[in-house]
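Colleague: Quick one, what's the 3D model for this:
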Amino acid sequence: MSVQPESLDADDNEAREHSLQRIHGHAVRLDDERRLGSADVQVRQRKDAAARQFAQSLITAYDVKCPSPEARVRLLSGGNMQKLILGRALDGDPAIIIANQPTRGLDVGAVAYVHSRLIEARDRGAAIL
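Modeller: Alright, predicted model coming up:
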C-alpha cells in the first residue's frame, strides 16, 4: 500500500490525518476506521469476508481459473469472465434469464459449459430468453 499525503508540509497535522491510502484502487482516509467505530469496522469485515466467500464459491462451482478471489475480473480470460458473470446471474435460482449472446467470443469448451449451465437452470424451472 502506498500512502500519499494531501499536503507536503510535514508539520500539518490535519494533512497527515487526512492522508490517503490506495486499497484495491479506492482512496480511503487513514482516519476512517477511527471515525467509524469498532462496530462499523466489524460489519465491514463481515461483509468483506462474505464477498470473498461468495467469490470463492463461484470460482469453485463454475471452474473459474484465477489466482484468488481478490483477482480483478478485467484480468481474467474471456471464458473465465463469462463463467463468473453466469455464476453471478444464476445465483439464487432466478425465474427468468435473459441471455444476450452468452457465448459470443468463447472457445468450444466454454460454449458447451455455458449452454449446460443454462439448460440446468431451465430444468430447474427458469424461463430463458
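Colleague: Not including adjacent chain positions, what is the nearest residue to Arg124?
Modeller: Leaving aside its sequence neighbours, Arg124 sits nearest to Asp93 (C-beta to C-beta, 6 or more residues apart in numbering; 6.0 Å). Quick note: C-beta positions are derived from backbone N, CA and C, even for glycine.
Colleague: what number of residues lie near the one you found?
Modeller: 9 (other C-beta atoms under 10 Å).
Colleague: swap in Leu58?
Modeller: When neighbours are defined as other C-beta under 10 Å, Leu58 has 20 of them.
Colleague: How about Tyr62?
Modeller: 19.
Colleague: Next one, pLDDT for it please.
Modeller: With respect to pLDDT, Tyr62 has a value of 86.
Colleague: Can you verify my assumption that it contacts Ile85?
Modeller: No - look at Tyr62 against Ile85 with C-beta atoms under 8 Å: they stay out of range, at 9.5 Å.
Colleague: circling back: just the element for the residue nearest to Arg124, please.
Modeller: Using DSSP states H and E, Asp93 falls within no helix or strand.
Colleague: Need the per-residue pLDDT for it.
Modeller: We have a pLDDT of 86 for Asp93.
Colleague: Let's see stretch 69-87 as CSV, backbone CA atoms only.
Modeller: C-alpha atoms of stretch 69-87 as CSV (Å, rounded to 0.1, in the frame of the first residue of the first chain):
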residue,chain,number,x,y,z
PRO,A,69,-11.0,-14.4,-5.1
GLU,A,70,-9.4,-10.9,-4.9
ALA,A,71,-8.3,-11.0,-8.6
ARG,A,72,-9.6,-8.3,-10.8
VAL,A,73,-12.2,-9.6,-13.2
ARG,A,74,-10.8,-7.5,-16.1
LEU,A,75,-7.6,-9.5,-15.9
LEU,A,76,-9.4,-12.9,-16.5
SER,A,77,-9.7,-14.5,-19.8
GLY,A,78,-12.9,-14.0,-21.8
GLY,A,79,-14.2,-17.5,-20.9
ASN,A,80,-13.5,-17.1,-17.2
MET,A,81,-15.2,-13.7,-17.2
GLN,A,82,-18.3,-15.3,-18.8
LYS,A,83,-18.3,-18.2,-16.3
LEU,A,84,-18.1,-15.7,-13.4
ILE,A,85,-20.9,-13.5,-14.8
LEU,A,86,-23.0,-16.6,-15.5
GLY,A,87,-22.5,-17.8,-11.9
